[in-house]
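J.: Quick check, what structure comes out for this input:
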Amino acid sequence: MSDLETVLVEDDVRLEPLAAHHIEPLRAACARDPDIWEIYPVSMLGEHFDRAMEDFHATTNWVRFAVLHRGVLVGMSCYIAPDESNHVVEIGGTYIEPAARGSAGVNSAIKRLMIDHAFACGFTRIEFRVDTRNLRSQAAVRKLGAMHEGTLRRNRITWTGYVRDTCMFGLLKTEWSGGRT
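T.: Residues are numbered from 1 along each chain as shown. Predicted coordinates:
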């Protein structure tokens, strides 16, 4: 797992292992989109932020990154539960503040960096799990070339009490074209 934790850079996007000096800028970035947290499994808004950070740090099988765009922290993303024996890792826990979404190309750069690095570290399968209500994230994952492999029905209770369905996507190393369209 330590091989996954490194600085990754593409043009104006830089991923750094999440550290103490990133926490307050991340709190501010999360506050810039109060509505998005309704469809996330956890809230990182207001009074929920500190608890979410405690829970993230209590989970030892995640590799967390601060996302910087042009030197400003705009979000985070993670490798989740790297399974080195089966060469599988999930990419998720991604949040990008509104100003850095879409045409800025931040999300696609994040995913390219993380996918390329995971494959370089010997992983051969990347998984993405997306709430069925999150159509923007589903479209972004499909644009990377990931295949929708099914939907887990009513498999997770979110922080709001909503019982969500989760779309499962997979991307194999042999299918990866670099994510550029």
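J.: low-scoring pLDDT stretches of this structure, where are they?
T.: Applying pLDDT under 70 to the chain flags residues 1, 103, 179-181.
J.: can you pull out the strands in it?
T.: 8-10, 13-17, 62-69, 72-83, 88-96, 125-131, 147-157, 163-172 (DSSP state E).
J.: Touching the first one from outside, list them.
T.: Applying CB atoms under 8 Å, 6 or more residues apart in numbering, the contact partners of strand 8-10 are 14-15, 65, 109, 112-114, 117. (C-beta placed from N, C-alpha, C; glycine too.)
J.: now do 7 Å
T.: Strand 8-10 has contacts (CB atoms under 7 Å, 6 or more residues apart in numbering) with 15, 109, 112-113, 117.
J.: re earlier: between the strands of the chain, which one is closest to L45.
T.: Taking CB to CB, strand 88-96 is the member of those nearest to L45, at 10.4 Å.
J.: Can you list the strands that the closest one pairs with?
T.: Counting by DSSP bridges, the strands paired with strand 88-96 are strand 72-83 (antiparallel), strand 125-131 (parallel).
J.: could you dump these to JSON lines with mean neighbour count and distance to H57?
T.: Converted to JSON lines, the strands paired with strand 88-96 look like this (neighbours: other CB atoms under 10 Å; distance: least, CB to CB, whole Å):
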{"stretch": "strand 72-83", "mean neighbour count": "20", "distance to H57": "12"}
{"stretch": "strand 125-131", "mean neighbour count": "21", "distance to H57": "21"}
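J.: As a markdown table, the ones you listed with distance to Y40 would be great.
T.: Output for the strands paired with strand 88-96, formatted as a markdown table (distance: least, CB to CB, whole Å):
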| stretch | distance to Y40 |
| --- | --- |
| strand 72-83 | 12 |
| strand 125-131 | 8 |
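J.: so which of the strands of the chain gets nearest H48?
T.: strand 88-96 (12.8 Å).
J.: Just the residues contacting the closest one, thanks.
T.: 30, 44, 62, 67, 74-83, 106-107, 110-111, 114, 118, 123, 125-129.
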